[in-house]
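1. here you go, sequence then predicted model.
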Amino acid sequence: MDESTLRVDRCDVVVVGAGIVGAAIAARLARQGLQVAVLEAQQVAGGATGRSAGMVLTGMPGHYRWAVRTFGREQARAIWSLSVEGREHLAETAARLGVPLERSGSWALAVTQEEAEALQESAELLREDNFAVGFRTADPLQRGFLSALHYPDDGVVDAADMARALLSSAPIAVHTGTEVQALEMEGEDVRVWAHRRTVRCSAVVLAVDGYAPILEPSLSRWVSLGQALVVTAEGTGSSLPSPCYADYGYEYVRPLPDGRLLLGAWRYPRQSPPSDAPDPDEALREGLSRFARRYFPEVEGHIVQRRTGTIGCTADGLPVVGVLPHLLGVYFALGLGGWGLCWAFVAAERVVEMMLEGAPAGLLAAERLTV
């Protein structure tokens, strides 16, 4: 690398990634008086945030019954409470920044009898644990789903608008088209090598979700690449009361304000075809196509846009926050998966509190995945 051609900068903190998590981290640090620079390989919200369906959903995929069986009742309750905290923090921030957020509620829909039983038991457990939910044994959409769990306080927001508003809300230097290529310790500082630029800073935060293992291979112990697909259909004449998700959260549909329908699907890495497959997105496309043909047949012939990409996933489905053992000035907030909006501000707050106060990351700590 020819250092003579690089611009050399200095700041307190570099945040890598200008999605909603990176933007929330940068804004919080800048409000604390730190000099913050955001380096983004593409444009603001050019990754998973830009592909987001904008659905702010409580909890995590798999439904509450699964969480209780997997984590235990007390920890499942804590996870759901934390997601509610993240949902409300996002809503409060949207209101403060003037970004529209609609409290539309959401429906979790069963596509099999086993899932219908899981939803019913989840509703009972959630009510016992004082979460606001409703349950119907009939399909509220009248499209062939077997039952439905309702979260009345969920909502929808434009995630890309949120990221842009956050970055405009504080004195943050944002550099787009600036791919970070390497990180190295330099005394007590961190040197960030990027496209046509090098920055020396006291700390770095990686908020690049699925791209993290590409930038720093050691992060593959915590984060793997999942797949996501979003399609937009227009002219269908469809009318939905609120966003919906089905098949344990892996397929979803949302009405857009202009009358179009947005449908999407995502998968954990273990559900994906081999990386050397001729078309690694084929299985995801076929799965979403089957879902649409069965429950939303009116979209056939009306698809006007398709977007595919990667998302960061962890083994247990929760985001991961920590610091790299071999680069002690490099923090990370990753693994938002397909349920990222309700967790974005939780992950952002945890990593900032870890940096500024030495606070533990709690349920999101990376150590939980290494024991």
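-> Yep, that arrived. Residues are numbered from 1 along each chain as shown.

2. right, and Gln305 touches Leu256 too?
-> No - Gln305 sits out of contact with Leu256 when judged by CB atoms under 8 Å, with a separation of 11.2 Å. All C-beta spots, glycine's among them, are computed from the backbone N, C-alpha and C.

3. who touches both of these two?
-> Contact criterion CB atoms under 8 Å, 6 or more residues apart in numbering; residues shared by Gln305 and Leu256: Thr232.

4. neighbour-wise, which of the two wins?
-> For Gln305 against Leu256, the residue with the higher neighbour count under other CB atoms under 10 Å is Leu256, and the figures read 15 against 11.

5. model confidence for the more buried one, exactly?
-> Predicted confidence (pLDDT) for Leu256: 91.

6. list the contacts of it.
-> Taking CB under 8 Å, 6+ apart, one finds 232, 262 in contact with Leu256.

7. can you rerun that using 10 Å?
-> 53-54, 156, 232-234, 240, 262 (CB atoms under 10 Å, 6 or more residues apart in numbering).

8. give me the distance between it and Val323.
-> Relative to Val323, Leu256 is positioned 39 Å away (CB to CB, to the nearest Å).

9. then Thr178?
-> In this structure, Thr178 and Val323 are separated by 23 Å, where distance is defined by CB to CB.

10. ok, these two, which is more surrounded?
-> Neighbours of Thr178 and Val323, each counted by other CB under 10 Å, are more numerous for Thr178; the result is 22 against 17.

11. I'd assumed Gly46 was in contact with that one.
-> No - counting by CB atoms under 10 Å, Thr178 sits too far from Gly46 to count as a contact (11.7 Å).

12. joint contacts of the two?
-> Counting by CB under 10 Å, 6+ apart, the contacts common to Thr178 and Gly46 are 18, 40.

13. residues touching the helix or strand harbouring Leu288, excluding its own?
-> In this structure, Leu288 sits in helix 282-295 according to DSSP states H and E. Contacting residues not belonging to helix 282-295 are listed as 109, 111, 139, 141, 143-145, 226-231, 233, 244, 246-247, 250-253, 261, 263-267, 271-273, 277, 279, 298-300, 303, 306, 308 [CB under 10 Å, 6+ apart].

14. residue contacts, the nearest residue to Asp316 once chain neighbours are set aside?
-> Nearest residue to Asp316, sequence neighbours excluded (CB to CB, 6 or more residues apart in numbering): Leu369, at 7.0 Å. Counting by CB under 10 Å, 6+ apart, Leu369 makes contact with 221-223, 314-316, 318, 320, 322, 335.

15. ok, so of those residues, who is nearest Val208?
-> Sorting those by how near they are to Val208, with CB to CB, puts Val223 at the top with 9.6 Å.

16. the contacts of Leu369: which two are farthest apart?
-> Across the contacts of Leu369 (CB to CB), the longest gap, 15.2 Å, separates Arg221 and Leu318.

17. more neighbours, the two?
-> Neighbour totals were compared for Arg221 and Leu318, and Leu318 leads with 25 against 13 (other CB under 10 Å).

18. you'd agree the more buried one is in a helix?
-> No - the assignment for Leu318, made by DSSP: H, G, I helix; E, B strand; the rest coil, is coil rather than a helix.

19. that one touches Ala76, doesn't it?
-> No - contact criterion CB under 10 Å: Leu318 and Ala76 do not qualify, at 11.3 Å.

20. shared neighbours, those two?
-> With contacts taken as CB under 10 Å, 6+ apart, the residues that reach both Leu318 and Ala76 are 60, 67.

21. all helices for the stretch 101-250 of the chain, in order.
-> With DSSP state H, counting those that start in this stretch as the definition, the stretch 101-250 of the chain shows helices at residue ranges 113-128, 159-168, 212-215.

22. deepest-packed of the ones you listed, please.
-> Among the helices of the stretch 101-250 of the chain, ranked by average contacts under mean count of other CB atoms under 10 Å, first place goes to helix 159-168 (a mean of 23).

23. helices or strands up against it?
-> For helix 159-168, the elements it packs on are helix 20-31, helix 48-51, helix 73-97, strand 172-175, helix 341-357, judged by 3 or more CB pairs under 10 Å, 6 or more residues apart in numbering; DSSP states H and E.

24. give me whichever of these is most buried.
-> Among the helices and strands packed on helix 159-168, judged by mean count of other CB under 10 Å, the one packed with the most neighbours on average is helix 20-31 (a mean of 27).

25. name the residues of stretch 325-340 that are buried.
-> Of the residues in stretch 325-340, those scored as buried under the neighbour-count criterion (16 or more other CB atoms under 10 Å) are 327, 329-340.

26. and the furthest pair within those residues?
-> Greatest spacing in these, by CB to CB: Gly329 and Gly338 (30.5 Å).

27. show me where the chain dips below the pLDDT cut-off.
-> 1-8, 270-280, 371 (pLDDT under 70).

28. go with 50
-> By pLDDT under 50, the weakly predicted segments of the chain are 1-5, 271-273.

29. quickly list the domain ranges of it.
-> Described in terms of automatic domain parsing, the domain architecture of the chain consists of the residue ranges 3-51+161-222+317-369, 225-313.

30. pick the most deeply packed of those domains.
-> Looking across the domains of the chain with neighbours counted as mean count of other CB under 10 Å, the highest average goes to domain 3-51+161-222+317-369: a mean of 21.

31. the residue lying closest to Gly249 once chain neighbours are set aside sits in which helix or strand?
-> For Gly249, the nearest residue in space outside its immediate sequence neighbours is Pro61; the separation is 3.4 Å by CB to CB, 6+ apart. Secondary-structure element containing Pro61, defined by DSSP H and E: none, the residue being outside all helices and strands.
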